[in-house]
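In: Curious how this folds, go ahead:
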Amino acid sequence: MTPFPLAALPGPLGHLLHAGAGDGRLVRMALEAGVGHVVATEARPDRAAALAARCSGALDLRPGALTGEKGVALLRRFNLSDLDSLRDPSAALLALFPGLAEQRREPVEPIDPAAVAEDFAAEPDGVQALVIDLPGEGWSVLERLDRAGLLRRFDRIALREGRVPLYRGAREADTIAAHLAATGWRIEWDRSDPDRPWLRATRNREAEAIRMRLETVEAERAADGAKLAALRAEHDRLTAALDAARAEGAALRTRLEAAEAAAERGRAERDRLVADRESQAAEIVRLRAARAEEARALEAAQTEAAEWRDRFERAEVAQAAAQARFDEAAEAERHDRQQRYAALHQAAERITALEAALAALERRAAADRDRLEAVRAERAQAEARWRETSAALEDEIARRTAEADALREETARLQAELAALRTERDDAIARLATLGSGMSAAPAAEALPPAILQALDERIERLQAAIGTGHLPGREQRGQGRRKRKG
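Out: Below you'll find the model as predicted:
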């Protein structure tokens, strides 16, 4: 009985591997059918020699035992030669053949199935068949070829094993068939010998192609799932980054509004200083007019004193009376001069306080400049994330910079005017001192009018109050007019 008829194979049989060739009947049939490449293994030396003699050089004969096990191979020789095996018989085999007896054990050359299958092409030009007639070794050979990825180089497999495990460590035919069927092979049986049937497996290329396509689709789906998970993670990350950027933008807008409010306060302060400067200029003009009036009064007093001296010379009685009036006027003049000096001293102290307030204003302006620099740095950081609003931010910062520069220029002008005011004040004090030293006898009516001193005191108090509160009316009015124009 042959494992399977060669004529029933689809297409020309191009290659054959027969493990356990035995008497070589199937090998001879394959060679006679024109199979181009036949490889045969045989563990028994006598059978291998007979097969080599019959087939001459047309057969690739490899003496030895094809096995997937490693280590020393010992061939158990029984009194029934068809049952010779590398494994010990099981109880089932001894029950099946009660007279079976082991005669001897012979060491044989183990042959790795993978090394032999390497000689068979992965894409053959004909059918490649594998015949395994190795009692107890069918599973080890198939498993070794499967692990090496070489089992699919064969299109047909014929394997003879027991219906139950007939050797220790062996697998029964049904288990081997189930494994082959699960991996895409189509199974047929020849149960002419029910105890040791022939299993015939044909490679189901259509099912294998479907399975490979299914595996490819599953792999692609797994890859797509991984990509989708990565995209979702990236989406979540970008969403979180967007939320963070929005929150940061809101914080920047809040800080920008605070900076705008600070700049507006700085502009109002500048306007107040401008108004104060104008008021001080008017006050200086008024003081100069009062000083001129006082000079005219002094000149008139001197003329009147000369007339009095002439009168004193003409009339002693009138002179005594005039002297009495002069002494009285001199005392009043000294008293008024002391009051004027006290008022000027108070004015000097108030001007010093005004200078301190101006210094505080300069510090405030420096703080505004620092805040403006901070806004610029924040704008530079936000520019990469909010490019859409960068132009508006740059225009706003440029406008604030211009306003800050204008504020600095206005402060410098105020400082110059205040210095001029101080100079004029010093000149007025010096002139008054000179005038006071030259007035040895001036009437009380020629002193600086109290109303002028009172007006000066009230003006200085208003300036100090305005500087202390930080509100400049002129600047507020101009700031309100500017906001109305913006609206």
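In: Show me the shaky parts of the stretch 251-400 of the chain.
Out: Scanning the stretch 251-400 of the chain for pLDDT under 70 picks out 318-319, 322, 390.
In: ranges for the helices of it?
Out: 316-385, 390-438 (DSSP state H, counting those that start in this stretch).
In: between the last one and helix 316-385, what angle do the directions make?
Out: Counting by axes from the mean of the first three to the mean of the last three C-alpha atoms, to 10 degrees, helix 390-438 lies at 170 degrees to helix 316-385.
In: Packing partners of helix 390-438?
Out: Counting contacts by 3 or more C-beta pairs under 8 Å, 6 or more residues apart in numbering; DSSP states H and E, helix 390-438 packs against helix 205-314, helix 316-385. For the C-beta atoms, the positions are set from N, CA and C on the backbone; glycine is no exception.
In: can I get the helices of the stretch 251-400 of the chain in CSV with mean neighbour count and distance to residue 165?
Out: As requested, these are exported to CSV (neighbours: other C-beta atoms under 10 Å; distance: least, C-beta to C-beta, whole Å):
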stretch, mean neighbour count, distance to residue 165
helix 316-385, 15, 74
helix 390-438, 14, 82
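In: Distance to residue 214 added to the ones you listed, as CSV?
Out: Shown next, in CSV, are these (distance: least, C-beta to C-beta, whole Å):
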stretch, distance to residue 214
helix 316-385, 47
helix 390-438, 54
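In: for the ones you listed, which one sits closest to residue 146?
Out: Go through those one by one with C-beta to C-beta and the one that ends up closest to residue 146 is helix 316-385, at 58.5 Å.
In: and that closest one, how far from the chain's centre?
Out: 59 Å (C-alpha atoms, centre = their mean, to the nearest Å).
In: for stretch 383-400, same thing?
Out: Going by C-alpha atoms, centre = their mean, the spacing between the C-alpha centre of stretch 383-400 and its chain's C-alpha centre is 23 Å.
In: Need the residues that contact that stretch.
Out: Outside stretch 383-400, the residues that touch it by C-beta atoms under 8 Å, 6 or more residues apart in numbering are 245, 248-249, 252, 256, 259-260, 263, 372, 375-376, 379, 382.
In: and residue 38, what are its phi and psi?
Out: Torsion angles at residue 38 (phi, psi; degrees, to the nearest 10) stand at phi -120, psi 130.
In: returning to what we had before: identify the farthest-apart pair in the contacts of stretch 383-400.
Out: Within these (distances taken as C-beta to C-beta), the two that end up farthest apart are 245 and 263, at 25.7 Å.
In: Those two: which is more packed in?
Out: Using other C-beta atoms under 10 Å, the more surrounded residue of residue 245 and residue 263 is residue 263, with 21 against 15.
In: my guess is the more buried one meets residue 404, correct?
Out: Yes: applying C-beta atoms under 8 Å, one finds residue 263 in contact with residue 404, separated by 7.3 Å.
In: okay, and the common contacts of the two?
Out: With C-beta under 8 Å, 6+ apart, residue 263 and residue 404 have common neighbours 368, 372.
In: picking up where we left off before, any chance of the contacts of stretch 383-400 in TSV, with distance to residue 391 too?
Out: Output for the contacts of stretch 383-400, formatted as TSV (distance: C-beta to C-beta, whole Å):
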residue	distance to residue 391
245	18
248	19
249	15
252	15
256	14
259	18
260	17
263	19
372	18
375	16
376	15
379	11
382	13
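In: and which of those residues is nearest to residue 63?
Out: residue 245 (78.3 Å).
In: ok, and the closest non-adjacent residue to the closest one?
Out: residue 385 (5.0 Å; C-beta to C-beta, 6 or more residues apart in numbering).
In: Against residue 315, how distant is that neighbour?
Out: 100 Å (C-beta to C-beta, to the nearest Å).
In: again with residue 168
Out: Where residue 315 is concerned, residue 168 sits at a distance of 170 Å (C-beta to C-beta).
In: try residue 254
Out: 89 Å.
In: Could you do residue 274 as well?
Out: For residue 274, the distance to residue 315 (C-beta to C-beta) stands at 61 Å.
In: is it true that residue 41 touches residue 60?
Out: No: counting by C-beta under 8 Å, residue 41 does not reach residue 60; the two are 9.7 Å apart.
In: Who has more neighbours out of those two?
Out: The neighbour comparison of residue 41 against residue 60 (other C-beta under 10 Å) goes to residue 41, with 25 against 15.
In: Within the helices and strands, which one has that one?
Out: Using DSSP states H and E, residue 41 falls within strand 37-42.
In: quick one: that strand to chain centroid distance?
Out: For strand 37-42, the distance to the chain centre is 65 Å (C-alpha atoms, centre = their mean).
In: Only the buried residues of it, if you could.
Out: 37, 38, 39, 40, 41, 42 (16 or more other C-beta atoms under 10 Å).
In: Give me the contacts around that strand.
Out: Contacts of strand 37-42 (C-beta under 8 Å, 6+ apart): 14-22, 24, 27, 30-31, 48, 51, 58-66, 111, 116, 119-120.
In: what helices or strands is whatever helix or strand comes next after it leaning on?
Out: Beyond strand 37-42 in the direction of the C-terminus, DSSP H and E gives the next helix or strand as helix 45-55. Other elements packing on helix 45-55 under the criterion 3+ C-beta pairs under 8 Å, 6+ apart are helix 25-32, strand 37-42, strand 60-63.
In: hmm, who's touching helix 45-55?
Out: Here helix 45-55 has contacts from 21, 22, 23, 24, 27, 28, 31, 40, 42, 59, 61, 63, using C-beta under 8 Å, 6+ apart.
In: Please find the angle between the direction vectors of that helix and helix 25-32.
Out: Going by the same axes, to 10 degrees, helix 45-55 is angled at 20 degrees with respect to helix 25-32.
In: angle of helix 45-55 against strand 37-42?
Out: Here helix 45-55 runs at an angle of 150 degrees relative to strand 37-42 (the same axes, to 10 degrees).
In: mean confidence for helix 45-55?
Out: For helix 45-55, the mean pLDDT works out to 88.
In: chain center to it, what's the gap?
Out: Relative to the centre of its chain, helix 45-55 is centred 76 Å away, using C-alpha atoms, centre = their mean.
In: residues of that helix that come out buried?
Out: Applying 16+ other C-beta under 10 Å to helix 45-55 flags 47, 48, 51, 52, 55 as buried.
In: can I see the domain layout of the chain?
Out: What the record gives for the chain is the domain set 6-203, 234-486, from automatic domain parsing.
In: Can I get stretch 220-235 as CSV, trimmed to CA atoms?
Out: What follows is stretch 220-235, C-alpha atoms only, in CSV (Å, rounded to 0.1, in the frame of the first residue of the first chain):
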residue,chain,number,x,y,z
GLU,A,220,-3.5,46.5,10.2
ARG,A,221,-6.4,46.9,12.5
ALA,A,222,-4.2,46.6,15.5
ALA,A,223,-1.8,49.1,13.9
ASP,A,224,-4.7,51.4,13.1
GLY,A,225,-5.9,51.0,16.7
ALA,A,226,-2.5,52.0,18.0
LYS,A,227,-2.4,54.9,15.6
LEU,A,228,-5.9,55.9,16.7
ALA,A,229,-4.9,55.7,20.3
ALA,A,230,-1.8,57.8,19.6
LEU,A,231,-4.0,60.3,17.7
ARG,A,232,-6.4,60.4,20.6
ALA,A,233,-3.6,60.9,23.1
GLU,A,234,-2.2,63.6,20.8
HIS,A,235,-5.6,65.2,20.6
